[in-house]
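>>> Sequence below, structure please.
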Amino acid sequence: MALVAEAGSPVPPPADDSPPRRPVRRALKYVVAIGSVCAVATVGVVVGLNRLTDAGPVTERCTAELDGSDWYLSPDQADNAALVAGTAVARGLPARAATIGLATALQESKLINIDYGDRDSVGLFQQRPSQGWGSVEEILDPVYSTNAFYDVLVKVEGYEDMAVTDAAQTVQRSGYPDAYAQHEMRSRAWASALTGNSPGVLSCELGPVADGDQVAPDAARDVIAGRLGRDLGLAPATGAADPNRQDPASSTVTVDATPLTPDDPERGAWATGQWAVATAQATQVVEVHVADRVWLRDEAAWVQAESRLGRGEVRITADAAE
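Residues are numbered from 1 along each chain as shown. From the prediction side, this is the model:
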C-alpha cells in the first residue's frame, strides 16, 4: 500500500534495509593497493636503471648518426647489426649490401634472432627450411643465416643500383614487397658507421658491467677475440706491436684491421672500432681506441685520445675482474 503524505508535510524517506557500504570501502582498498604496487614497480624500474651509480637512470641504447639525425637500436639489435654489416665488410661487399641486409633483418625480425615466425620461418632473416634455406638449426645460427642472405643477394644482377626494398624483395620474396623501404634510413646510418665510411658516429649508452659478471682478463680477451673472428674474420695482433700480448693481467686486445679493407686501412679500423662499440654489451668492452679518438663506456661518447694509434690499428679493452 503506497504512502500518501498530507499536504504540506514532507514525505519521510523510505527505510534503508541495504547492508553497509562495504563494497565501496573494499574497492577503495583495492585502488590503494594497486596504486602502491605500481609505485613500487616504478621505483624498482628506476633503481634498476640507475645500476647503483650516481649518474642517474641509464637508458640502454645505441645510436648511429647520419646527416644530423640519430637512429637508435637496442643493444641486442646493435649486436646483430654489427654481425650483419661486419659480414658484408669481411666479404668485400659494398656498404649498399650492408644497408640491404640491415633493412631486411629489421623488417623480418626487428634484428632479433627469433626462433619463430610465419609458418616455418625462423632467424634474423626469417628464412624457411621448406624453401631451401637450410635446417632450423642452421638458420638459427646468425652467422649462417647472414651469409646465406648475402649468397643470394650477390647473385642479383645490379642490386647495388636497385632500390633497397626491391633488392631485399628479390632475395626474400615476401608477401609485403614494399615493407623494407621504411627501414632504409636507419639501415643506411648503421651501415655507413659499421662499414667505416662514417667515423666516430656510433655510440652506445650502457650501464656499468656488474661485478658478478666480470671475468678474468684472459677470459675477457678470449671473448673479444672470438667475436672478432666470428664477425669480421680478424685475429688479435700477436707480434711485438701488441704491448699486451704477454701481460696476463691485461684485458686489452690489439688488432690490425688492415686485412678487412686492404686498400683503406683507416676505414677498416673505424669499421672494427665501431663494431666493438656495437657489441660492447656482450663483450663487456669499456674502451675502444681508433686513431686519435677513444670511445669510453662511462661517457657513452668518442673523445680525443692522448696518443694516436697507427693506421688500421684498433685497441679494445674489456672490464675484467682484478
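>>> where do the helices sit along the stretch 201-322 of the chain?
217-227, 265-278, 280-283 (DSSP state H, counting those that start in this stretch).
>>> Kindly reformat those helices as TSV and extend each row with distance to Thr146, mean pLDDT and mean neighbour count.
No exception for glycine: its C-beta is placed from N, CA and C like everyone else's. Listed next are those as TSV, based on distance: least, CB to CB, whole Å; pLDDT from 0 to 100; neighbours: other CB atoms under 10 Å:
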stretch	distance to Thr146	mean pLDDT	mean neighbour count
helix 217-227	14	96	18
helix 265-278	14	98	27
helix 280-283	16	98	21
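>>> Relative to Ala320, which of the ones you listed is closest?
Within the helices of the stretch 201-322 of the chain, the stretch nearest Ala320 is helix 217-227; the backing value is 4.3 Å (CB to CB).
>>> so what does the closest one touch, helix or strand wise?
In terms of contacts (3 or more CB pairs under 8 Å, 6 or more residues apart in numbering; DSSP states H and E), helix 217-227 is packed against strand 252-256, helix 280-283, strand 313-318.
>>> Just the CA trace of stretch 201-208, in PDB.
The C-alpha coordinates for stretch 201-208 follow below in PDB (Å, rounded to 0.1, in the frame of the first residue of the first chain):
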ATOM      1  CA  VAL A 201      79.300   8.400 -35.300                       C
ATOM      2  CA  LEU A 202      78.300   5.200 -33.500                       C
ATOM      3  CA  SER A 203      78.000   5.100 -29.700                       C
ATOM      4  CA  CYS A 204      76.100   3.100 -27.000                       C
ATOM      5  CA  GLU A 205      74.700   4.200 -23.700                       C
ATOM      6  CA  LEU A 206      75.300   1.200 -21.400                       C
ATOM      7  CA  GLY A 207      75.300   0.600 -17.700                       C
ATOM      8  CA  PRO A 208      78.500  -0.400 -16.000                       C
END
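>>> So what touches it?
Under the contact criterion CB atoms under 8 Å, 6 or more residues apart in numbering, stretch 201-208 has outside partners 49, 51, 53, 58-66, 75, 78, 189-190, 192-194, 274, 277-278, 280-281, 295, 297-298, 300-302, 319.
>>> What is the least confident helix or strand in the protein?
Comparing every helix and strand of the chain by mean pLDDT, DSSP states H and E singles out helix 22-50 as the least confident one, with a mean of 40.
>>> who does whichever helix or strand comes after that one touch, helix- and strand-wise?
Going down the chain from helix 22-50, the next helix or strand is strand 61-66, by DSSP states H and E. Strand 61-66 sits against strand 69-73, helix 75-90, helix 184-194, strand 202-205, with contacts defined as 3+ CB pairs under 8 Å, 6+ apart.
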